[in-house]
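J.: sequence first, then the predicted structure:
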Amino acid sequence: MNDEQLINAAIKVREKAYAPYSKFKTGAVLLGAYGEIYAGANVENSSYSLTVCAERVAVFNAISAGCKSFVKLVLVSGSSPPAIPCGACLQVLFEFAPDLVIVCANDENEVNTFSLSQLLPQGFRLKEKF
């Protein structure tokens, strides 16, 4: 899928966001290494710390489906400039795809593209001990 198709998919899932408190709806799609698409919308909670961003919902959907290798994330918001993933989302993404491309877009057709390392230059991963 090209960026325009991925942005449109993120716009569509953004409509499903649950954001009654902030009114800041986001939609994200994650492109798997073999072309799979995993979507997520942000889900707020009365206890703000339990809110989950669209990016992490997309990652959790991918992991639940058995995909752990990603090449691109597209995030759509209503802000100008387009919102970028928060630090928690960046770290979760780094766990699986340190070379990820991140495309951020908004309703005014503004699009910014970053590498994950640009947005999280000091990401880390623990070594597995199994």
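T.: The structure has been received and is ready for your questions. Numbers count the residues shown, from 1 in each chain.
J.: three-state assignment of residue 23?
T.: Secondary structure state of residue 23, per DSSP: H, G, I helix; E, B strand; the rest coil, is coil.
J.: list phi and psi for it.
T.: Backbone torsions for residue 23, taken as degrees, to the nearest 10, come to phi 60, psi 10.
J.: give me the number of neighbouring residues for it.
T.: Residue 23 has 9 neighbouring residues, counting by other Cβ atoms under 10 Å. Quick note: C-beta positions are derived from backbone N, CA and C, even for glycine.
J.: and what of residue 128?
T.: Neighbours around residue 128, by other Cβ under 10 Å: 5.
J.: residues contacting it?
T.: Counting by Cβ atoms under 8 Å, 6 or more residues apart in numbering, residue 128 makes contact with nothing.
J.: secondary structure element for it, which one?
T.: Under DSSP states H and E, no helix or strand contains residue 128.
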